[in-house]
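Visitor: okay, sequence plus prediction incoming.
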Amino acid sequence: MDLEKRHLKSIDWTIILILAGLGIFSYLGISGSAAGLDTAHRQVMWYVIGFIVLGGVLLFDYRLFHNFSYVLYTLGLILLIGVFKTTPINNTTSWYNLGPVLFQPSEPMKLFTILTVARFMSKRAEDPDRFYYFYKLIPVAALVGVPLLLILVQPDLGTAMVFTGMLATMLIVGGIRMKHVLYLGGIIGSFFAAMTLLYEYKQDVFFKIIKPYQWDRVVFWMDPDLDPMGKGFQLKQALISIGSGQLFGKGINTPTQASFGWVPVGESDFIFTVIAEKLGFMGAGLLMILFFALIYRMIRIAMEAKDPFGSYVVAGVVGMLTFQIFENIGMTIQLMPITGIPLPFISYGGSSLITNFLIIGVVLNIGMRKDKLRFD
């Protein structure tokens, strides 16, 4: 263990307070959903475990994660491959059934991937030509792409997309050239152009690449009124619930659409809808301010980190959380298509919450050890 008094003084206690505030919102959102108080109380238990995990991470120098990053990455890949042998849940093979809990290996794999990419990039941080040629991006893209593809075929498109956010922020911090950004933009644009042509002229091929249920999410995201009591029901009810919250909300103890189950999975993917209905624009706005403050504090830690590895790790975490927050809140207000991405620290779920606490523990670890050893 490598914890000293000077480290304790350097802990970003603001982030700890933000996590406590997010915990209050999580409890209010889950208890106000159809899942009820029992589920909210279990979330409190996960929060307690999460803070214990966070505290445990702070006991060790974060360079330990640098040393074991490749081992963790390999372990994560083994778990992602092994999950295909499990019994599907909700038509996806994403969880290990451990009896009282479900374990989703894609959650810790986010951290393992960030650590591994950060280690790879940090070894080349002093090389001014590290990203001069486009082909030098391939190893980094491969480290992210392998777990991304394994998660994509589970299938879990939402979680797979999170890895692209992680990759983007780490490459930006790593100094990717604007020319290469344009190359990547051209590749992505060409893909969408090709998919458009296939949809217009070869729909049989198009629907072999894009699953019908995935395409339905796009169609009914654009116009949920096409099937308001079927495939557009979830989004329609979310919009009604958020709008009905108005400025100050209906109140914590007032029965709402969410508490009666009109908003599906209100304790998880659509928990922002529950919070907006109960607490209104003011409550939902305060939640978003907390998220903004969390991201801001982490960016400061990345800028003050004592080595490139620490900066890259925090950059990946910022990209991961920003993407998840934007996508989850965006899908409830019809800004983004609906995907199965939980709202970090708010949605119910042990695997996701504990992993996020572990990740924040690593970030705080980097922040509290930002100064090199000094002799007074």
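Guide: Cool, the structure landed. Residues are numbered from 1 along each chain as shown.
Visitor: part of a strand, is Leu353?
Guide: No. With DSSP: H, G, I helix; E, B strand; the rest coil as the criterion, Leu353 is assigned helix and is not in a strand.
Visitor: OK, contacts around it?
Guide: Gln43, Trp46, Tyr47, Gly50, Phe345 (Cβ atoms under 8 Å, 6 or more residues apart in numbering). To be clear about C-beta, it is placed using only N, CA and C from the backbone, and glycine gets the same treatment.
Visitor: try Phe248
Guide: Here Phe248 is in contact with Leu279, Gly280, Phe281, Met282, Gly283 (Cβ under 8 Å, 6+ apart).
Visitor: quick one, phi/psi of it?
Guide: Main-chain dihedrals, Phe248, degrees, to the nearest 10: phi -110, psi 0.
Visitor: how near is it to Met121?
Guide: Note on Phe248: its distance to Met121, by Cβ to Cβ, to the nearest Å, is 47 Å.
Visitor: work out for me the element the residue nearest in space to the middle of the chain sits within.
Guide: Centroid-nearest residue in the chain, with Cα atoms, centre = their mean: Gln324, separated by 4.0 Å. When elements are assigned from DSSP states H and E, Gln324 belongs to helix 308-332.
Visitor: for the nearest residue to Trp95 once chain neighbours are set aside, list each beta-bridge partner.
Guide: Leaving aside its sequence neighbours, Trp95 sits nearest to Leu102 (Cβ to Cβ, 6 or more residues apart in numbering; 4.3 Å). Residues in a beta bridge with Leu102, per DSSP bridges, are Asn97.
Visitor: still on that earlier bit, now the helix holding Gln324: average pLDDT?
Guide: Averaged across helix 308-332, the pLDDT comes to 94.
Visitor: show me how far that helix is from its chain's centre.
Guide: The gap between where helix 308-332 is centred and where its chain is centred comes out at 6 Å by Cα atoms, centre = their mean, to the nearest Å.
Visitor: stretch 342-360 too?
Guide: From the chain centre to the centre of stretch 342-360 is a distance of 8 Å (Cα atoms, centre = their mean).
Visitor: helix or strand: which one has Asp269?
Guide: Of the helices and strands defined by DSSP H and E, none includes Asp269.
Visitor: quick check: it vs Lys208, distance?
Guide: In this view, Asp269 and Lys208 are 27 Å apart by Cβ to Cβ.
Visitor: and Ile24, by the same measure?
Guide: Ile24 is 46 Å from Lys208, where distance means Cβ to Cβ.
Visitor: what's in contact with the helix or strand that contains Gly185?
Guide: When elements are assigned from DSSP H and E, Gly185 belongs to helix 178-201. Here helix 178-201 makes contact (Cβ under 8 Å, 6+ apart) with Phe131, Phe134, Leu137, Val205, Phe206, Ile209, Ile210.
Visitor: and the longest helix along the chain, how far from the chain's centre?
Guide: Secondary structure of the chain per DSSP state H: the longest helix is helix 271-304. The chain centroid and the centroid of helix 271-304 are separated by 14 Å under Cα atoms, centre = their mean.
Visitor: buried ones in it?
Guide: If you call a residue buried by 16 or more other Cβ atoms under 10 Å, then helix 271-304 has these buried ones: 271-280, 283-284, 287, 290-291, 294-295, 297-298, 301-302.
Visitor: need the max-distance pair from the contacts of Phe248.
Guide: Distance extremes for these: the farthest pair is Leu279 and Phe281 at 8.5 Å, using Cβ to Cβ.
Visitor: identify the contacts common to these two.
Guide: Counting by Cβ under 8 Å, 6+ apart, the residues touching both Leu279 and Phe281 are Gly245, Phe248.
Visitor: from Leu115, how far out is Ser311?
Guide: Per Cβ to Cβ, Ser311 is found 13 Å from Leu115.
Visitor: now do Ile15
Guide: Taking Cβ to Cβ, one finds Ile15 at 19 Å from Leu115.
Visitor: tell me the pLDDT at Asn90?
Guide: Listed pLDDT for Asn90 reads 75.
Visitor: quick one: contacts for it?
Guide: By Cβ under 8 Å, 6+ apart, the contact list for Asn90 is empty.
Visitor: let's see 10 Å
Guide: Asn90 makes contact with Gly340, according to Cβ atoms under 10 Å, 6 or more residues apart in numbering.
Visitor: one more: the one 4 residues further on?
Guide: By Cβ under 10 Å, 6+ apart, the contact list for Ser94 reads 80, 83-84, 86, 88, 102-107, 151, 154-156, 159, 340, 351.
Visitor: check Asp129 too.
Guide: By Cβ under 10 Å, 6+ apart, the contact list for Asp129 reads Lys136.
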